[in-house]
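Asker: model the structure of this input:
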Amino acid sequence: MSFASARRLPENAGLAYIGERVARGLSIPDAMADRMLRTPNRNGRPNADVVRQIIGVAVRHRLNRHWQVDFPSHMGEAEAACYEHPYHHLHRTLRPDRDGWWVNPHADSRLRAALTRRERFLATPFGASPPEFTWFESAVIPDDTLLAVARDDDFTHGILQSRAFVLWWQEVHSRRTPTLAVDSFPFPWPPATELNALTAAQEEQRHAIARAARAPDFDALNAAVAAAYGWPADLDDAALLEKLTDLNRTRGG
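Answerer: Next up, the predicted model:
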């Protein structure tokens with residue numbers, strides 16, 4: 001298996017996203033963000049509507065949080081000006097010379113819509129091997145050093161921490177196709193499967209994976225993931241990858 005032969009699975013659509021490019025001109029220091037967040041507006045709206053925290057990776061995969069003024073694309077200038085401190089800060093620093101100068105040009109509407117539907121999301125640095133998936137609150141925006149997975153359940157976290165996914169990531173992941181490892185990974189059943197559509201056995205397997213992920217207990221996790229696929233828990237790496245590859249080909253059409 002390689003990134004060239006792994007097939008993106010339609011059942012995984014809408015799971016994985018590359019984070020946003022950082023709009024440097026919109027970045028603000030922590031102290032300024034704190035002042036903006038504490039400053040009221042005459043329209044009664046909080047500046048938290050348009051001051052957002054960004055998460056990314058700094059040196060040696062250390063996470064870095066910073067802030068930016070973040071007017072959405074649908075917000076006209078008159079409405080933006082009602083958020084007085086953020087608007088006037090951008091007006092001073094950007095020296096506006098184009099239409100829509102106040103709007104974040106790198107905002108990804110698909111990513112934001114996917115994260116807004118969740119209480120939290122998972123993200124890992126692109127360069128991590130094995131992947132290092134961490135939970136973040138959905139109000140935070142991932143930058144383009146991170147791969148985000150728009151799910152908020154412990155079952156998905158367990159699958160992404162399992163030996164099965166780690167092996168798949170190490171075989172398939174590439175910076176040229178950063179979402180492919182998630183897009184092509186054959187979960188035990190399609191991620192969008194409704195809970196009430198699971199069999200009793202699948203429901204128990206799902207709970208077992210979630211419990212092991214929360215512990216975390218990786219021996220129990222890998223055994224529970226193998227059971228969810230209906231495979232022996234003691235498969236070696238080559239045999240496990242072969243089974244995952246067969247599933248990818250079958251489901252990919």
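
Asker: so what's residue 146 up against?
Answerer: Applying CB atoms under 8 Å, 6 or more residues apart in numbering, one finds that residue 146 lies in contact with 18, 19, 55, 56, 57, 123, 124, 125, 126. (C-beta placed from N, C-alpha, C; glycine too.)

Asker: okay, now the domains of the protein?
Answerer: According to the TED database, the chain is divided into the following domains: 1-18+119-140+151-252, 21-107.

Asker: for the shortest one, what is the average pLDDT?
Answerer: If I follow you right, that is domain 21-107. Domain 21-107 shows a mean pLDDT of 92.

Asker: nearest residue to the middle of the chain?
Answerer: Residue closest to the average C-alpha location in the chain (CA atoms, centre = their mean): residue 148, at 1.7 Å.

Asker: could you check how far that one is from residue 12?
Answerer: Counting by CB to CB, to the nearest Å, the gap from residue 148 to residue 12 is 14 Å.

Asker: what are the contacting residues of stretch 38-45?
Answerer: With contacts defined as CB under 8 Å, 6+ apart, stretch 38-45 is touched by 46, 47, 82, 83, 84, 85.

Asker: what's residue 80 in contact with, if anything?
Answerer: Applying CB under 8 Å, 6+ apart to residue 80 gives the contacts 50, 71, 87, 102.

Asker: how about those in CSV, adding distance to residue 112, secondary structure and neighbour count?
Answerer: Converted to CSV, the contacts of residue 80 look like this (distance: CB to CB, whole Å; DSSP: H, G, I helix; E, B strand; the rest coil; neighbours: other CB atoms under 10 Å):
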residue, distance to residue 112, secondary structure, neighbour count
50, 13, coil, 25
71, 13, strand, 24
87, 21, helix, 20
102, 17, coil, 21
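
Asker: tabulate those (a markdown table), appending distance to residue 140.
Answerer: What follows is those, written out as a markdown table (distance: CB to CB, whole Å):
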| residue | distance to residue 140 |
| --- | --- |
| 50 | 15 |
| 71 | 18 |
| 87 | 23 |
| 102 | 22 |
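
Asker: apart from its neighbours in sequence, what residue is nearest residue 6?
Answerer: Distances taken as CB to CB, 6 or more residues apart in numbering place residue 184 nearest to residue 6, at 4.0 Å, with adjacent residues excluded.

Asker: ok, the one you found to residue 213 distance?
Answerer: Noted for residue 184: a distance of 22 Å to residue 213, by CB to CB.

Asker: equivalent analysis for residue 174, please.
Answerer: Applying CB to CB, one obtains 26 Å for the distance of residue 174 from residue 213.

Asker: neighbour count winner among the two?
Answerer: residue 213 (25 against 13; other CB atoms under 10 Å).

Asker: for that one, which non-adjacent residue is spatially closest?
Answerer: Excluding its sequence neighbours, the residue lying closest to residue 213 (CB to CB, 6+ apart) is residue 158, at 3.3 Å.

Asker: give me the residues contacting the helix or strand containing that neighbour.
Answerer: When secondary structure is defined using DSSP states H and E, the element that contains residue 158 is helix 154-161. Taking CB under 8 Å, 6+ apart as the criterion, the residues outside helix 154-161 that touch it are 122, 131, 133, 135, 149, 151, 165, 182, 187-188, 191, 206, 209-214, 216, 218, 221, 224-225.
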